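*Asks:* below are the sequence and a predicted model for it; my questions follow.
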Number of protein chains: 2
Amino acid sequence: MLPAPARPGMSRDEIDTPALLLDLDAFEFNLDALDASLAGRNVRVRPHAKSHKCPAIARRQIARGAVGVCCQKVSEAEALVDGGIANVLVSNEVVGATKLARLARLARRAKMLVLADDAENVRALQKAAEEAGVELEVLVELDVGAGRCGVAPGEPAAALAGLIVAQGNLRFGGIHAYQGGAQHLRTVAEREHAIAKATTLVRETLAALRDKGIAVPVVTGAGTGTYPIEASGGVYGEIQPGSYVFMDADYGRNLDGEGRPVATFRQSLFILATVMSRPSPTRAIVDVGLKAHSVDSGMPVVADIPGATYVRASDEHGVVELEPGTDLPLGTKIRLIPGHCDPTVNLYDWLVCTRSGRVEDVWPVSARGAFY
Amino acid sequence: MLPAPARPGMSRDEIDTPALLLDLDAFEFNLDALDASLAGRNVRVRPHAKSHKCPAIARRQIARGAVGVCCQKVSEAEALVDGGIANVLVSNEVVGATKLARLARLARRAKMLVLADDAENVRALQKAAEEAGVELEVLVELDVGAGRCGVAPGEPAAALAGLIVAQGNLRFGGIHAYQGGAQHLRTVAEREHAIAKATTLVRETLAALRDKGIAVPVVTGAGTGTYPIEASGGVYGEIQPGSYVFMDADYGRNLDGEGRPVATFRQSLFILATVMSRPSPTRAIVDVGLKAHSVDSGMPVVADIPGATYVRASDEHGVVELEPGTDLPLGTKIRLIPGHCDPTVNLYDWLVCTRSGRVEDVWPVSARGAFY
């Protein structure tokens, strides 16, 4: 783990770069905004911790009423349980004896839930839970249109649930129906269409389960892009938004019903960069490249400075084009909005929490790199 | 730092995933191949350690005659010096008092070289070196066509060299003329054209320096894509290939004079992935997504399995399309060739060294995440 790039009390200009900044005012606004947007809806919130990998944030989400958190990997779950989180859904399949044994051991210390989409994997989960002397709650993952993991809706899903019910150390936890491909569809109409299709597939599956007499504790899913739709549909009982705490440039391109960027949440996450070269009046080079942000959803966006555009990244450099007359001297620290928050956060050991330009706290990204 | 995913003696199937594998036979072949390709050329080798971030590899490069290594950040240099490397060029501008002080302190323990492309920065380097009571060797970075950092060739570069010469604690180390944009040009003709242009700009600069009576200890630059050109041009005295130890899918697309992939080096770096879901006969999902490889140069390529194509990555998943009949059961471990080695290595704490399918050693990626 690298030393933290800042200490409480520092001004922004004293922070070493690259640094990941969390604007606490915007972050707390986002926590409030999620609650406000769900007023009157009868859904539980289980935020996704793969976005932040940070127990300090997970604890704040739980303190506001979240039932627990999600994560994607057993090693992430270990970091979260170590950080005081008592209820963790690994919203993913866990395959292989080593990982299954670790998952089962975690269930001695916290309520652990996990997904399955395969009969052989269900039997391996039972074996691991039995050997550890624990109970695991297992949800059936449906493929509701994302084309990733998941069993086919209806009868195949109900059959797998039946297999889970039959295992001595497993409890059937419900249906996991996350439509990842819908989160970044740009218009409300597109997102509503995708979630309507997903919901139809969930209903089909619920009918098949009813026919088998299997009770369904919960239908869970949804992300920052679509959760208002799932939360008001009457089928999903739990939602899993993750990025809402931070936002990013890609989520900033989602549109509301009037064709304007969705304004529910504020950008709270920034990368602090230093101008390390000024080779020409229209070009600045910053010290933030491919090893300090993920470009899978495009380049970061320069905050605060109109006329400055981050156009190209190499391993350790970012090329920023400047409109003539833009004042950006060597050594200036500038803020960038990452293209995609999740894989960017994963590159940092520390989250530097600021308020009104001062460092207020420094939180470890405890599950950074936790991909086992 | 996560626990290592493997121990010496393990078979490939016992390695936890995702894991970064180094095929030692191919790696050693590549070390030999670089030497062989330079036979009869009068150039020094200073490999770039930003690719591997691993002192165990740097020590092997030095043992074969490299004069030292390059890296891009002061914190990388710290990890390399801690790992026993006595001669490190930070082939980048270092800006900001904190970083400059750390750079100067390193010069008490190792020979440190650094680039400059700005007069104010040269004065800051002098101040830091003076305060630490050390000498720093400073090379002038030229922009030879990559459009990133660097001063203009000719008179501006010579003026900056003159300023370096005039500082009491700085020594003028030569000209840094790396054409990063040329490394991945696909044809030999394109690469030769780009390096010919760069070399012309270097010659112009050497003439301007001669006019000023400033001796030039070395012209350094070049990468895995172009180094045979610089090494035979008579102007570059030092080359800096980095990726040659590993190779990647993107370098695998460079062509030789006959239009075939350049075959000087072998692929030694792989990502080991586990098949974690088999939702359909033509789709396998692996546990390696955006947090386990960098997609800036495209998707990874599936090794060993004809008919399997890694088509899409999300945070923790990779979607692999299979031709009908491809046998890939749940839990199978498969090898992927990363699209771009440097930012992919930066995601791993450990390099699992294998020979003939057995783990022989596990090396820490000591400078992983070292971007300060």
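*Replies:* Thanks, I have the structure now. Only a predicted model underlies this, so the values are computations on that prediction, with no experimental measurement involved. Numbering: from 1, shown residues only, chains lettered A, B, ... in the order given.
*Asks:* please list the residues of the stretch 201-350 of chain A that sit near chain B.
*Replies:* By C-beta under 8 Å from any C-beta of the partner chain, the residues of the stretch 201-350 of chain A that approach chain B are A:274-279, A:283, A:285, A:287, A:290-292, A:294-296, A:313-317, A:319, A:330-331, A:340, A:342-343, A:346-349. Every C-beta, even on glycine, is put in place using the N, C-alpha and C of the backbone.
*Asks:* hmm, try it at 6 Å
*Replies:* Residues of the stretch 201-350 of chain A found near chain B (C-beta under 6 Å from any C-beta of the partner chain) are A:274, A:276-277, A:279, A:285, A:290-292, A:295-296, A:315-317, A:330-331, A:342-343, A:346.
*Asks:* looking at those, which are in helices?
*Replies:* Members of these lying in helices (criterion: DSSP state H): A:342-343.
*Asks:* please check the residues of the stretch 201-350 of chain A next to chain B and keep the buried ones.
*Replies:* By neighbour count, with 16 or more other C-beta atoms under 10 Å in any protein chain shown, these hold A:274, A:276-277, A:279, A:285, A:290-292, A:295-296, A:315-317, A:330-331, A:342-343, A:346 as buried.
*Asks:* what is the end-to-end distance of stretch A:300-313?
*Replies:* Length of stretch A:300-313, first residue to last, C-alpha to C-alpha, to the nearest Å: 9 Å.
*Asks:* is chain B within reach of stretch A:152-161?
*Replies:* No - using C-beta under 6 Å from any C-beta, stretch A:152-161 stays clear of chain B, coming no nearer than 8.1 Å.
*Asks:* centre of the chain to that stretch, how far?
*Replies:* On the basis of C-alpha atoms, centre = their mean, to the nearest Å, stretch A:152-161 sits 27 Å off its chain's mean C-alpha point.
*Asks:* go on, stretch A:239-250?
*Replies:* With C-alpha atoms, centre = their mean, you get 6 Å for stretch A:239-250.
*Asks:* give me the residues contacting that stretch.
*Replies:* Here stretch A:239-250 makes contact (C-beta atoms under 6 Å, 6 or more residues apart in numbering or on different chains) with A:30, A:34, A:43, A:45-48, A:51, A:70, A:222-224, A:227, A:230-231, A:251, A:265, A:267-269, A:297, A:301, A:337-341.
*Asks:* restricting to C-alpha, output that stretch in PDB.
*Replies:* What follows is stretch A:239-250, C-alpha atoms only, in PDB (Å, rounded to 0.1, in the frame of the first residue of the first chain):
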ATOM      1  CA  ILE A 239     -32.100  -2.400  -5.400                       C
ATOM      2  CA  GLN A 240     -28.300  -2.300  -5.700                       C
ATOM      3  CA  PRO A 241     -27.100   1.100  -6.900                       C
ATOM      4  CA  GLY A 242     -23.400   1.600  -6.500                       C
ATOM      5  CA  SER A 243     -22.000   4.400  -8.600                       C
ATOM      6  CA  TYR A 244     -24.600   6.900  -7.200                       C
ATOM      7  CA  VAL A 245     -22.200   7.800  -4.400                       C
ATOM      8  CA  PHE A 246     -19.600   9.000  -6.900                       C
ATOM      9  CA  MET A 247     -21.000   9.400 -10.400                       C
ATOM     10  CA  ASP A 248     -18.700   9.600 -13.400                       C
ATOM     11  CA  ALA A 249     -18.500  11.100 -16.900                       C
ATOM     12  CA  ASP A 250     -20.300   8.100 -18.500                       C
END
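*Asks:* what's the span of stretch A:77-96, first residue to last?
*Replies:* Terminal residues of stretch A:77-96 are spaced 16 Å apart (C-alpha to C-alpha).
*Asks:* near chain B at all, that stretch?
*Replies:* Yes - Stretch A:77-96 lies within reach of chain B by C-beta under 6 Å from any C-beta, at A:93, A:95-96.
*Asks:* pLDDT weak spots in chain A?
*Replies:* Along chain A, the model assigns pLDDT under 70 to no residue.
*Asks:* noted, bye for now.
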